[in-house]
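Asker: heads up, no residue letters with this:
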């Protein structure tokens, strides 16, 4: 992907809009829209790395109500010609083709490789990668199973959305009761995943979300693992200017 002079690549993840309630989520949505409005002047591309919504499920003719300001701003930016790429997370993994058809934003369900300014990137949400977390990996297989999704579609949307929201806010990370801590390089699964990938191919940057902690960790010679943090407690994002990658905090 060519990067024009003065243009930058922006990355953000784990906004979890809708949690713990729509009313409490709304100020964060407004802040995210302000960020999008500011970066559109020099954005060469925008990568959203999952869990934009705390829950998302697409029925054949129904999508979740709300988030109109976020969706409208994404539509505006995309219509202006700026590419936007969306990677599903573990909270919005039931996304199908709504973004592609309505917003012209491609949706990815697994890692993708890119090259910007001669630097190679491996990009994804990060859930289910690396060693450990076998319980979640088994659960994800159930959630992504076609039969499971077919069964869920038989729930009336009002019931399906309420059930999903109830289960989602039980997650202590989103309810604000969790103390997310750095586990150490030898225990951070995505760090171990990046080091393992380097055994077969070099990447300059591994960019993921999911952990909700802003992290920049060297994982090899000229190779760096970056976790984007979140828009719940940190309001952090990544920016690559063609030469270097930085994590920044948005205070607008």
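Answerer: Great, that's in hand. Computed from a predicted structure; not experimentally measured.
Asker: Quick one: the strands in the chain, in order.
Answerer: 8-12, 43-48, 84-87, 107-108, 112-116, 119-123, 205-208, 214-220, 223-228, 236-240, 245-249 (DSSP state E).
Asker: TSV for those, including mean pLDDT?
Answerer: Below are the strands of the chain laid out as TSV (pLDDT from 0 to 100):
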stretch	mean pLDDT
strand 8-12	97
strand 43-48	97
strand 84-87	97
strand 107-108	96
strand 112-116	96
strand 119-123	97
strand 205-208	98
strand 214-220	96
strand 223-228	98
strand 236-240	98
strand 245-249	98
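Asker: Minimum distance to residue 78: which of the ones you listed has it?
Answerer: Closest of the strands of the chain to residue 78 is strand 84-87, at 5.3 Å (criterion: Cβ to Cβ). C-beta: built from backbone N, CA, C; applies to glycine.
Asker: give me every residue that touches residue 226.
Answerer: Residue 226 is in contact with 205, 206, 207, 208, 215, 216, 217, 238, 245, 247, counting by Cβ atoms under 8 Å, 6 or more residues apart in numbering.
Asker: The first one reaches residue 224, doesn't it?
Answerer: Yes: under the criterion of Cβ atoms under 8 Å, residue 205 makes contact with residue 224 at 5.5 Å.
Asker: Find the residues that touch each one of those two.
Answerer: Contacts common to residue 205 and residue 224, judged by Cβ under 8 Å, 6+ apart, are residue 245.
Asker: Quick one: buried ones out of the contacts of residue 226?
Answerer: Listed as buried from the contacts of residue 226 are 205, 206, 207, 208, 215, 217, 238, 245, 247; burial here means 16 or more other Cβ atoms under 10 Å.
Asker: shaky segments in the stretch 1-150 of the chain?
Answerer: Within the stretch 1-150 of the chain, the ranges that satisfy pLDDT under 70 run 130, 132-145, 147-150.
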